[in-house]
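Student: Need coordinates for the below:
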Amino acid sequence: MLTEREKMILKIIVNDYTKSGVPVGSKALSSQLPIHVSSATVRNEMAFLEEIGLITKNHSSSGRVPSIEGYRYYVDNLLNPNPIDNSDMMIIQNSLSGRFRQIDEIVQQSADILSNLTNYTALTLKPEQETTPILGSFRLVPLGNHKVMAILITDNDEVVNQVFHIDGDLGGDKLDAVVRMINDKLAGKPLDEVITKLKTEIVPEILKYVKNPDSLVQTLDDVLMQASTNQFYIGGELNLLSFTDNNDISYLKPIYSLLNDTDDAAKFIKSSDNSISVQIGPELSNDLLKDYSIITGSYDVGPYGKGVIAVLGPTRMPYSRVIGIVDGFRNELSKKLRNYYDKYNQ
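Tutor: Sure, this is the predicted structure:
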């Protein structure tokens, strides 16, 4: 149990170090305390905080820096999130006020906005519905030069498309027949069931119209998988370079690989209920991220599901400001997506 003075000292160390990156000494601390305390007393208090593992001595100076445990104590007990300021809120509202054709565009744009606001790397996950999406309709649109666009629309108006090449003998009539067959057999069924039936029932039917259906079947499988899985977006990947002290940046390659693997990345961006969560260093359960923190917030779109936004930065990040931005942003994103869904589901 820390005394009030020990709490003040720890809070000043965290705040100063996250702003400047410079280890904090006893003289700097003494000048910021609201009551007069001698440097000797402050050094004794710092020694105690170091002894219990909340701060640590920086080898290059006599100052102290927060430990992982110190950051954790600060976030849990001492932090007062800064409300998002008006200028940042204006940027968010203006950026989200554009005309978007798909939910994915809004979520993808959100990653870029959040990254620009914080100067860190941002991750956004589109809303995940409690029920499996249902196939609304499927179309094949000839584009010329032996190219066809496959378009899949789900029951909640999500649109996924992909272009593929076809054999020269697959004309418009055959394409129409394939589309009618797929819609007759699969429209109105959950996408996970559609994926299974594609391989067991639909391929033999497609062979009646297409001699070499591999590219068509692969494209169908791709758009189905894309529509049925969570879409994950990253903004500001290069910002990771901004807060590294290491001239050899090759160590970042496995981190970039981790971030671009949707399954792996989804494991460490998690938020309970509608709360903001902070994971620091080793708490991320991946050694690649031991020097990073992730601030995560969930956003609720009512019957259309819940999504996640997150900011990845160094453990030495200004937690109060970033938490305030994440909190304000998730609320604005919820409003934008609710309006979008309501508009297109009237």
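Student: elements contacting the host helix or strand of Val322?
Tutor: Taking DSSP states H and E as the criterion, Val322 maps to helix 319-344. For helix 319-344, the elements it packs on are helix 86-95, helix 103-118, strand 276-280, strand 292-300, strand 306-314, judged by 3 or more C-beta pairs under 8 Å, 6 or more residues apart in numbering; DSSP states H and E. All C-beta atoms are positioned from the backbone trio N, CA, C, and that covers glycine.
Student: That one: which residues count as buried?
Tutor: 319-334, 336-338, 340-341 (16 or more other C-beta atoms under 10 Å).
Student: hmm, back to that, closest one to Lys208 among the helices and strands packed on helix 319-344?
Tutor: helix 103-118 (34.0 Å; C-beta to C-beta).
Student: Quick one: list the elements packing against the next helix or strand after the closest one.
Tutor: Heading C-terminal from helix 103-118, the first helix or strand you meet, by DSSP H and E, is strand 121-128. The contact analysis (3+ C-beta pairs under 8 Å, 6+ apart) places strand 121-128 against helix 103-118, strand 232-235, strand 306-314.
Student: Flag whichever of the ones you listed has the least confidence on average.
Tutor: Of all the helices and strands packed on strand 121-128, mean pLDDT reaches its minimum on strand 232-235 (a mean of 88).
Student: Show me what that strand pairs with in its sheet, parallel or antiparallel.
Tutor: Strand pairing for strand 232-235, determined by DSSP bridges: strand 121-128 (antiparallel).
Student: helix or strand right after the strand it pairs with?
Tutor: Downstream of strand 121-128, the next assigned helix or strand under DSSP H and E is strand 135-144.
Student: Packing partners of that following strand?
Tutor: Using 3+ C-beta pairs under 8 Å, 6+ apart, strand 135-144 is in contact with strand 147-154, helix 172-186.
Student: Render the CA-only coordinates of the longest one in PDB, please.
Tutor: The C-alpha atoms that make up helix 172-186 are tabulated as PDB, following Å, rounded to 0.1, in the frame of the first residue of the first chain:
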ATOM      1  CA  GLY A 172     -22.600 -15.200 -70.800                       C
ATOM      2  CA  ASP A 173     -25.300 -17.800 -71.000                       C
ATOM      3  CA  LYS A 174     -23.200 -20.300 -69.000                       C
ATOM      4  CA  LEU A 175     -22.300 -17.600 -66.500                       C
ATOM      5  CA  ASP A 176     -26.000 -16.900 -66.000                       C
ATOM      6  CA  ALA A 177     -26.800 -20.500 -65.600                       C
ATOM      7  CA  VAL A 178     -24.000 -20.900 -62.900                       C
ATOM      8  CA  VAL A 179     -25.400 -17.900 -61.000                       C
ATOM      9  CA  ARG A 180     -29.000 -19.100 -61.100                       C
ATOM     10  CA  MET A 181     -27.900 -22.500 -59.900                       C
ATOM     11  CA  ILE A 182     -25.800 -21.100 -57.000                       C
ATOM     12  CA  ASN A 183     -28.600 -18.700 -55.900                       C
ATOM     13  CA  ASP A 184     -31.200 -21.400 -56.100                       C
ATOM     14  CA  LYS A 185     -29.300 -23.800 -54.000                       C
ATOM     15  CA  LEU A 186     -27.500 -21.500 -51.500                       C
END
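Student: and it, what other elements does it pack with?
Tutor: Short answer (3+ C-beta pairs under 8 Å, 6+ apart): helix 172-186 packs on strand 135-144, helix 191-197, helix 203-206.
Student: Tell me which residues of it come out buried.
Tutor: For helix 172-186, burial by neighbour count (16+ other C-beta under 10 Å) applies to 174-175, 178-179, 181-182, 186.
Student: hang on, the earlier thing: mind putting the helices and strands packed on strand 135-144 into JSON lines with distance to Arg101?
Tutor: Output for the helices and strands packed on strand 135-144, formatted as JSON lines (distance: least, C-beta to C-beta, whole Å):
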{"stretch": "strand 147-154", "distance to Arg101": "13"}
{"stretch": "helix 172-186", "distance to Arg101": "22"}
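Student: so which of those gets nearest Val278?
Tutor: strand 147-154 (34.1 Å).
Student: Pull up the pairing partners for the helix or strand just after that closest one, direction included.
Tutor: Counting by DSSP H and E, the next helix or strand C-terminal to strand 147-154 is strand 159-165. If you go by DSSP bridges, strand 159-165 pairs up with strand 147-154 (antiparallel).
Student: Good, we can wrap up now.
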